[in-house]
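[1] here is a sequence with its predicted model. Questions after.
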Amino acid sequence: MADRKLHGEGMLTEAGRAEWDSRNARASALADSPYKKDFPLLAHKPDLAFLDSAATAQRPKAVLEAQKRFYEKMNANALRGLYQLSVEATEAIGASRAHVARFIGLTGKKDARDIVFCRNTSEALNLLAYAYAPTVLEPGDEVCITVMEHHSNLIPWQQACRAAGAKLVYMYPGSNGIVEESEMRAKIGSRTKIVSAIHVSNVLGVANDVKLMAQVAHENGAVMIVDGAQSVPHFPVDVTDLDCDFFAFSGHKVFGPMGIGVLWGRHELLDAMPPFLTGGEMIDAVSEQDATWAPVPEKFEAGTQDAAGIYALDAALTYVENVGFDAMQAREGALVAQCMRRLGELEFVRLIGPSDPALHHGVVSFNVCGIHPHDVASILDMDGVAIRAGHHCAQPLLAHLGIDSCCRASFAFYNDSTDIDRLIDGLQHVWRMFNG
């Protein structure tokens, strides 16, 4: 992907402007958000334009109340007690596990057993790199990832390849920011044992065709791992349709608590893997010199889990289902289109990523000419605008784009056009401070 193709597109063609205006016809509906009242932090800070949901989303009141309710009414160590309170906690975790399975497209009665709770996407991917990779990687083998990966889906594979004497191979995106089929087939081959790719880029906002990537991986005898941290909050995911072998995401990005993540894997693969962490609750039997493991998923859930967080994740998924992905996608798409149009009208702003707003899933990255992103973010913060600035844990991608860092505004359905107004006003303030 040439540098000029993915940034420096601040000016819009007339046809492009007309298309964006057409997509933004519902702009009046964006003037106010009917959802902000559901989010206590946003309700308590009406002057805040929170545009950093790709880093962590806000939590609705229903999630905060669920977490509190667990501690007030069913606080006990799940799985370890035969008394009623512990049974209730165990049942709550079981119900959440089953809900997560349904949420990512699994409908079988036994599918919930293949949902492993962990702290976040990073831990889920590390689990695979340290527990699965050593069972399949040998010297000369290859692991294939994209240059777009968040460091959480890059560093674990660097380490796994180094330990096994394997090679880490990169796929590069095309001019639209997406890895194309020709690149997949050029990089995934007979030596490839693992393909691991981000579903949606946290910098460009584009969605890779991980279903096609899984097909190419399977044609070459490799397994497909999908980092769904940025996709699950924005559109429906069906792991059966994607035909991937593992899928990971974080609760805090889908309006749930921090500290809860999910790993799903095909049962036969999880069953054959050794545990990642050892200790309490993940064992079947222990002698002085040996131990046998509990079945999946307990085998991968050593120690006391964040039961309240797991219970609150259930509430977060219910909230998302009640809002509906159709409504979420329509609103987020219109917000992104409006933001890109407004930013494109500022001569000192350069957009990063494809010019078509329909390719951006909640993320708009940009730079202000001659002003470091950290300075931009700091001054915007003084104006009550929260954006992310830096390398976004994706340094290889930014190096590929020919930049060191950038600004990122990321949207959720609770945002409104007022947030965009504040961003634009804040950027004009930034420009005046540096240029008079």
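    Received, thanks. Since the model is a prediction, treat every value here as computed from it, not as a measurement.

[2] can I see the domain layout of this structure?
    Residue ranges for each domain of the chain read 3-51+324-435, 63-321, as given by automatic domain parsing.

[3] can you give the distance from the last one to the centre of its chain?
    It stands for domain 63-321. Taking Cα atoms, centre = their mean, to the nearest Å, one finds domain 63-321 lying 12 Å from the centre of the chain it belongs to.

[4] start at 795 instead
    Sure, I'll start numbering at 795, so the last one becomes domain 857-1115.

[5] OK, contacts around Asp1021?
    Asp1021 makes contact with Thr915, Leu919, Glu943, His944, Ser946, Asn947, Ser990, Ala991, Ile992, His993, Ala1042, Phe1043 under the criterion Cβ atoms under 8 Å, 6 or more residues apart in numbering. For the C-beta atoms, the positions are set from N, CA and C on the backbone; glycine is no exception.

[6] and for the fourth one, the neighbour number?
    Applying other Cβ atoms under 10 Å, we find 21 other residues in the vicinity of His944.

[7] again with the last one
    Phe1043 sits with 28 neighbouring residues when counted by other Cβ under 10 Å.

[8] got the residue ranges for the helices in the stretch 1095-1230 of the chain?
    With DSSP state H, counting those that start in this stretch as the criterion, the stretch 1095-1230 of the chain has helices at 1101-1117, 1119-1138, 1167-1176, 1189-1195, 1211-1229.

[9] and the third one, which residues are buried?
    If I follow you right, that is helix 1167-1176. Buried residues in helix 1167-1176, counted by 16 or more other Cβ atoms under 10 Å: Pro1167, Val1170, Ala1171, Ile1173, Leu1174.

[10] now swap in the fourth one and tell me
    Of the residues in helix 1189-1195, those buried by neighbour count under the rule 16+ other Cβ under 10 Å are Pro1190, Leu1191, Leu1192, His1194, Leu1195.

[11] adding pLDDT, write the residues you listed out as JSON lines.
    Output for these, formatted as JSON lines (pLDDT from 0 to 100):
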{"residue": "Pro1190", "pLDDT": "98"}
{"residue": "Leu1191", "pLDDT": "98"}
{"residue": "Leu1192", "pLDDT": "98"}
{"residue": "His1194", "pLDDT": "97"}
{"residue": "Leu1195", "pLDDT": "97"}
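
[12] between the residues you listed, which is nearest Ala1008?
    If you rank those by distance to Ala1008 using Cβ to Cβ, Leu1191 comes first, at 21.5 Å.

[13] now the helices: where do they sit in the stretch 845-994 of the chain?
    Ranges of helices within the stretch 845-994 of the chain are 855-867, 878-897, 915-921, 927-930, 949-958, 975-981, based on DSSP H, counting those that start in this stretch.

[14] for Met1067, which of those is the nearest?
    Per Cβ to Cβ, nearest to Met1067 of those: helix 927-930, 6.5 Å.

[15] the closest one packs against which elements?
    Under the contact criterion of 3 or more Cβ pairs under 8 Å, 6 or more residues apart in numbering; DSSP states H and E, helix 927-930 touches helix 949-958, strand 986-992.

[16] using TSV, lay out the helices of the stretch 845-994 of the chain together with distance to Arg1226, mean neighbour count and mean pLDDT.
    Formatted as TSV, the helices of the stretch 845-994 of the chain follow (distance: least, Cβ to Cβ, whole Å; neighbours: other Cβ atoms under 10 Å; pLDDT from 0 to 100):
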stretch	distance to Arg1226	mean neighbour count	mean pLDDT
helix 855-867	39	17	97
helix 878-897	46	18	95
helix 915-921	39	25	98
helix 927-930	52	17	98
helix 949-958	40	18	98
helix 975-981	43	15	98
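
[17] all good on my end, thank you.
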